[in-house]
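In: coords below, sequence missing:
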């Protein structure tokens, strides 16, 4: 009598790898969806362009002439 599961080893290994890849993909998808939903952009949704210009002016990224031009362009 032969061993009833002879020759199944390679399929069991292949099945195990597929199982791990499947659940790893599901977990990655959940983590990606949660991070995408919670990560905030550098400019939040409630800030408008003038608020961004004010913040840049306060940090010294733009000078007063540039800020005045932005205000003029936005109004």
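Out: Yes, it's here. It should be emphasised that the depicted structure is a prediction, and the values quoted were computed from it without experimental measurement.

In: for stretch 12-32, what is the distance to the chain centroid?
Out: Between the centre of stretch 12-32 and the centre of its chain there are 20 Å (Cα atoms, centre = their mean, to the nearest Å).

In: begin at 657, not 1, for the rest of this chat.
Out: I'll keep to 657 as the first residue from here, and by that count the last item is stretch 668-688.

In: what sits up against that stretch?
Out: The contact list for stretch 668-688 (Cβ atoms under 8 Å, 6 or more residues apart in numbering) is empty. To be clear about C-beta, it is placed using only N, CA and C from the backbone, and glycine gets the same treatment.

In: show the average pLDDT along that stretch.
Out: Across stretch 668-688, pLDDT averages out at 93.

In: next: stretch 724-731.
Out: Stretch 724-731 comes out at a mean pLDDT of 88.

In: buried stuff in it?
Out: residue 726 (16 or more other Cβ atoms under 10 Å).

In: repeat that for stretch 708-715.
Out: Under 16+ other Cβ under 10 Å, the buried positions of stretch 708-715 are 709, 710, 713.

In: with distance to residue 675 and secondary structure added, can I get these in a markdown table?
Out: Converted to a markdown table, the buried residues of stretch 708-715 look like this (distance: Cβ to Cβ, whole Å; DSSP: H, G, I helix; E, B strand; the rest coil):
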| residue | distance to residue 675 | secondary structure |
| --- | --- | --- |
| 709 | 54 | helix |
| 710 | 54 | helix |
| 713 | 56 | helix |
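
In: which of the helices or strands spans the spatially most central residue of the chain?
Out: With distances taken as Cα atoms, centre = their mean, the residue of the chain nearest its centroid is residue 692 (4.5 Å). Using DSSP states H and E, residue 692 falls within helix 665-694.

In: centre of the chain versus that helix, how much separation?
Out: Counting by Cα atoms, centre = their mean, helix 665-694 comes out at 18 Å from the chain centroid.
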